[in-house]
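Asks: My questions concern the predicted model and sequence given below.
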Amino acid sequence: MRKTDCERIEDILPLYLEGSLSEEEAEEVEKHLASCKRCLSSYEEWRRCFSALQSVPRLQAPTNIWFKVKQELHQRRERRIAWFPAFASLIGVSLILVFLFLNLYAQRKSAPPPAFAPSPAYQANLPSPPPVTAKAAPTVPRIAKPIPIPRAKRAVILAKRPPQPYTPTSRGVHAKPKLEEAKVEEIIAERLEMALLSAQQAESNLERAFQVLRGKNLNMKGGNSL
Amino acid sequence: MNDLNWEEIIERAKDGEEEAMEQIFMNFKDMVYNVCYRMSGRREDAEDWTQETFLRAFSALKGFRGDSSLATWLYRIAVNVCLSNLRKKRTVSFDEVEYKMGNEKDEDEDDDLVEQVQAVLAQLPPLYRTVLILRHFEELSYEEIASVMKTSVGSVKIALHRARKKFKEKMEELNK
């Protein structure tokens, strides 16, 4: 939609007042104002606004601002100086830590293999691994299931333990009663016996596992020789 | 700017020489203070914001490459300080300005018209306030305002046109 003459003049009146219109445009505005009362009153309003804006005086800044600025600059410099030794020592400590770590790493790398590693003689006796093919991938040997503790033995151990009566104490209904020394010894003995049984079981399990592995190795050797 | 060798002063200030910093401050303090005062409408804020502007300027002086004049660069920092503080405070409420007009007569501005202008400025959005101050109080050109606000001359013209219209509306409301 095209703007009417009045709307266009209203838009450029501030530019006319600040003197940034071309001569032709300024003449056009003047002609229009001479013939249009509405735009003339708008011009008067704009003129009042401009003179109001121009009437604002410039103020002088208080000089005490410089002292505050200077003080703050000094404080910042002091803070920076105070931080420097702490920062330098932090860097020093970090460098020492890095050096120690690298030293430790180098020592570990050059150290002999640990005692629990298989000896070279044992490693030499190990069968060579089978050739990896798409069809026959190496199978992981299955470890034998743990043998459960014989029920009879468990029953005997449990039977030895006398039934513990319910004795509420001053500490509350659910508090455990205090045990006598003899009972404590008895319980320790029971638990030791149980631990011994478990160890025996673990031993037998390991033996079986080794047997299975040996058997597999033999089979593999046989396969290779073929 | 006057006859002083500003390049040399800036270089000395960059090296941390206090005398050079003081010269910069003394030369531009009124300019910065006036912008801060017109933007905030309060003398206490204007003092704090002027201080903040110079502190920021001195700590960022090493990055000043002279692409724009030192005055334009300081105007930019001052405007940024004002806008960020206004964002924190939100705008100065009209009531606050009216209260000041009724109770705390300003020593230098004992003029109703000046206080009306200040009250109307306080009601304008910060962007409009900025362009009006830079154009009418600081008498910067459109190009200089665009450089201060890091925008195009076209955007400055549009913002200024809207700001003036809003200012006129508010002045008319106040005088009804």
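Replies: Sure, I can see it.

Asks: on contacts alone, who are the packing partners of the helix of greatest length in chain A?
Replies: Secondary structure of chain A read by DSSP state H shows that its longest helix is helix A:64-110. Applying 3 or more CB pairs under 8 Å, 6 or more residues apart in numbering or on different chains; DSSP states H and E, one finds that helix A:64-110 makes contact with helix B:18-40, helix B:43-60. From N, CA and C alone the C-beta is placed, and that goes for glycine too.

Asks: And for the closest residue to chain A within chain B, the neighbour number?
Replies: Here the residue of chain B nearest chain A is residue B:33; by CB to the nearest CB that distance is 3.4 Å. Residues near residue B:33, counting by other CB atoms under 10 Å in any protein chain shown, number 24.

Asks: I'd like to know how many residues surround the closest residue to chain B within chain A.
Replies: Evaluated by CB to the nearest CB, chain A has residue A:61 as its residue closest to chain B, separated by 3.4 Å. Residue A:61 is flanked by 21 other residues according to other CB under 10 Å.

Asks: next one: residue B:163
Replies: Count around residue B:163 with other CB under 10 Å applied: 23.

Asks: For it, what is the enclosing helix or strand?
Replies: Take DSSP states H and E as the rule and residue B:163 turns out to sit in helix B:153-175.

Asks: For that helix, output the C-alpha coordinates as CSV.
Replies: The C-alpha coordinates for helix B:153-175 follow below in CSV (Å, rounded to 0.1, in the frame of the first residue of the first chain):
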residue,chain,number,x,y,z
VAL,B,153,24.0,2.1,9.4
GLY,B,154,20.5,1.0,8.1
SER,B,155,19.8,-0.7,11.5
VAL,B,156,20.8,2.4,13.3
LYS,B,157,18.5,4.6,11.2
ILE,B,158,15.5,2.2,11.8
ALA,B,159,16.2,2.1,15.5
LEU,B,160,16.6,5.8,15.8
HIS,B,161,13.4,6.4,13.8
ARG,B,162,11.4,4.1,16.2
ALA,B,163,13.1,5.6,19.3
ARG,B,164,12.2,9.1,18.3
LYS,B,165,8.6,8.2,17.6
LYS,B,166,8.4,6.5,21.0
PHE,B,167,10.1,9.4,22.7
LYS,B,168,7.6,11.8,21.1
GLU,B,169,4.6,9.7,22.2
LYS,B,170,5.8,9.6,25.8
MET,B,171,6.5,13.3,25.9
GLU,B,172,3.0,14.0,24.6
GLU,B,173,1.5,11.7,27.2
LEU,B,174,3.5,13.5,29.9
ASN,B,175,2.3,16.9,28.8
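
Asks: Show me what that helix is packed against.
Replies: helix A:5-18, helix A:37-54, helix B:112-123, helix B:126-132, helix B:142-149.

Asks: What mean pLDDT does the very next helix or strand once past the first one get?
Replies: The one in question is helix A:5-18. Using DSSP H and E, the helix or strand that directly follows helix A:5-18 along the chain is helix A:23-35. For helix A:23-35, mean pLDDT is 93.

Asks: still on that earlier bit, select, out of the helices and strands packed on helix A:64-110, the one closest to residue A:102.
Replies: helix B:43-60 (38.7 Å; CB to CB).

Asks: now that closest one against helix B:18-40, angle please.
Replies: Interaxial angle of helix B:43-60 relative to helix B:18-40 (axes from the mean of the first three to the mean of the last three CA atoms, to 10 degrees): 140 degrees.

Asks: Can you tell me what sits against stretch B:84-91?
Replies: The contact list for stretch B:84-91, computed with CB atoms under 8 Å, 6 or more residues apart in numbering or on different chains, reads B:39-40, B:45, B:49, B:52, B:92, B:122-123, B:125-126.

Asks: Would you convert these into CSV that also reports neighbour count?
Replies: As requested, the contacts of stretch B:84-91 are exported to CSV (neighbours: other CB atoms under 10 Å in any protein chain shown):
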residue, neighbour count
B:39, 25
B:40, 22
B:45, 18
B:49, 24
B:52, 21
B:92, 21
B:122, 23
B:123, 19
B:125, 13
B:126, 16
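
Asks: quick check: angle from the longest helix of chain A to helix B:43-60?
Replies: 40 degrees.

Asks: mean confidence score for helix A:64-110?
Replies: Here the average pLDDT along helix A:64-110 is 84.

Asks: Equivalent analysis for stretch B:121-129, please.
Replies: The model assigns stretch B:121-129 a mean pLDDT of 94.

Asks: Off-centre distance for that stretch?
Replies: Chain-centre distance of stretch B:121-129: 12 Å, with CA atoms, centre = their mean, to the nearest Å.

Asks: among the helices and strands packed on helix B:153-175, which is nearest residue A:25?
Replies: helix A:5-18 (6.7 Å).

Asks: Name the residues of the closest one that are buried.
Replies: Using 16 or more other CB atoms under 10 Å in any protein chain shown as the test for burial, helix A:5-18 gives A:9-10, A:12-17.
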